[in-house]
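**Student:** sequence isn't available, so here's the structure alone:
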């Protein structure tokens, strides 16, 4: 079987967890854990991001006819043009594909005559519409919802997401496959150096998250002001929250901005704990990555986080700053709790591998390709 993996709408550094998903999956495919052959369909912006992944199981083709753009407006124009004139891009797709998988959801390019599998990671635009502009909600309904409804099969990444997709999009639950994602166990492991970033506090909580509204920085800052521990700091990484949100942070909050990927694990190893107050997650990589590094985790009980963390995290209600603060006090003040969470977390994280993720995808591909259409 030759599966086309459509990555035309993926721009490196802008897709968050979706990009982590694609990279982990393609690495596993390259190692032979997918079907006999996977053909990556790349654009001119991301083709240099996959140079080392060509193998006997994985090859790549750059579709120059698709111009991905470099801003929200130009990306939307590119996707609209591809929707209105699909033939120009489809003609550049190599022949011989048995199935097309769209791991970043948007069904570009459209190739007639072969089955389509769509990955839809969540339906946050339906569950938390107040966090999206009118235009963004309209775009997601067009690009995501329709793609999922038209697909031969939908892949998602947690039971939580599957239930929400089924409820919001009226897709029968038995047409949705849940495949948990993996983490990079070569990078995220207990043994290794701690961070050597200049003036990094000695005692800190770590929260790696971009400044999207559902990441809940504002309530986290409010909760942290309730912590009466002058030596404990809150260290953040990712895109900087807006000035109005950062205004609520006290002097013990340090924002590192975007840190190199190889510094995340050292930051986790040196942290007292990870605090993860997200209001919505279809999966949630950071808590698992922290667990794999031996860092105890206090995390939101909302969305898929509790499903992924199991009993290996201290869970709390992230909608109440007082409850966030209580969780911080508990995990910082109880050394036995931290030791227990560290032990449980290492075992929990070991269950999530990219090999298992790839094998799950292979099973879906085979079932779809063999089914009469």
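**Tutor:** Sure thing, it's come through. What you see is a predicted model, and the numbers here were worked out from it, not measured in a lab. Residues are numbered from 1 along each chain as shown.
**Student:** in the stretch 201-350 of the chain, which spans are helices?
**Tutor:** 217-224, 243-246, 261-270, 285-292, 305-309, 321-333, 335-349 (DSSP state H, counting those that start in this stretch).
**Student:** now find how far off-centre the shortest one is within its chain.
**Tutor:** For helix 243-246, the gap between its own C-alpha mean and the chain's C-alpha mean amounts to 25 Å (CA atoms, centre = their mean, to the nearest Å).
**Student:** go on, stretch 89-105?
**Tutor:** 23 Å.
**Student:** same question, stretch 268-284
**Tutor:** With CA atoms, centre = their mean, you get 13 Å for stretch 268-284.
**Student:** and it, end to end?
**Tutor:** Using CA to CA, to the nearest Å, one end of stretch 268-284 lies 15 Å from the other.
**Student:** now that stretch: average pLDDT?
**Tutor:** Mean per-residue pLDDT for stretch 268-284: 97.
**Student:** that older thread, most tightly surrounded among the helices of the stretch 201-350 of the chain?
**Tutor:** helix 285-292 (a mean of 26; mean count of other CB atoms under 10 Å). Every residue, glycine included, has its C-beta placed from N, CA and C.
**Student:** and the contacts of that one?
**Tutor:** 17, 20, 181, 183, 185, 188-190, 206, 208-209, 264-265, 268, 271, 274, 276, 296-297, 299, 305, 308-309, 312-313, 344-346, 348-350, 352 (CB atoms under 8 Å, 6 or more residues apart in numbering).
**Student:** now with 6 Å?
**Tutor:** Contact with helix 285-292 is made by 17, 20, 183, 188, 208, 268, 274, 276, 297, 299, 309, 312-313, 345, 348-349, 352, as judged by CB atoms under 6 Å, 6 or more residues apart in numbering.
**Student:** can you give the distance of that helix from its chain's centre?
**Tutor:** On CA atoms, centre = their mean, the centre of helix 285-292 falls 12 Å from that of its chain.
**Student:** repeat that for stretch 221-239.
**Tutor:** 24 Å.
**Student:** mind listing what's buried in it?
**Tutor:** 221, 222, 223, 224, 227, 232, 233, 234, 235, 236, 237, 238 (16 or more other CB atoms under 10 Å).
**Student:** that older thread, figure out which of the helices of the stretch 201-350 of the chain is closest to residue 29.
**Tutor:** Comparison of the helices of the stretch 201-350 of the chain against residue 29 by CB to CB identifies helix 285-292 as nearest, at 19.1 Å.
**Student:** so that closest one versus helix 261-270, what angle?
**Tutor:** 60 degrees (axes from the mean of the first three to the mean of the last three CA atoms, to 10 degrees).
**Student:** so helix 285-292 versus helix 335-349, what angle?
**Tutor:** 110 degrees.
**Student:** of all the helices of the stretch 201-350 of the chain, which has the lowest average per-residue confidence?
**Tutor:** helix 243-246 (a mean of 83).
**Student:** helices and strands around that helix, which ones?
**Tutor:** Other helices and strands packing on helix 243-246, by 3 or more CB pairs under 6 Å, 6 or more residues apart in numbering; DSSP states H and E, are absent; none qualifies.
**Student:** check what contacts it and list those residues.
**Tutor:** By CB under 6 Å, 6+ apart, helix 243-246 touches 217, 218.
**Student:** do a quick rundown of the strands in the stretch 1-150 of the chain.
**Tutor:** Here the stretch 1-150 of the chain has its strands, by DSSP state E, counting those that start in this stretch, at 2-6, 37-42, 58-62, 99-102, 116-119.
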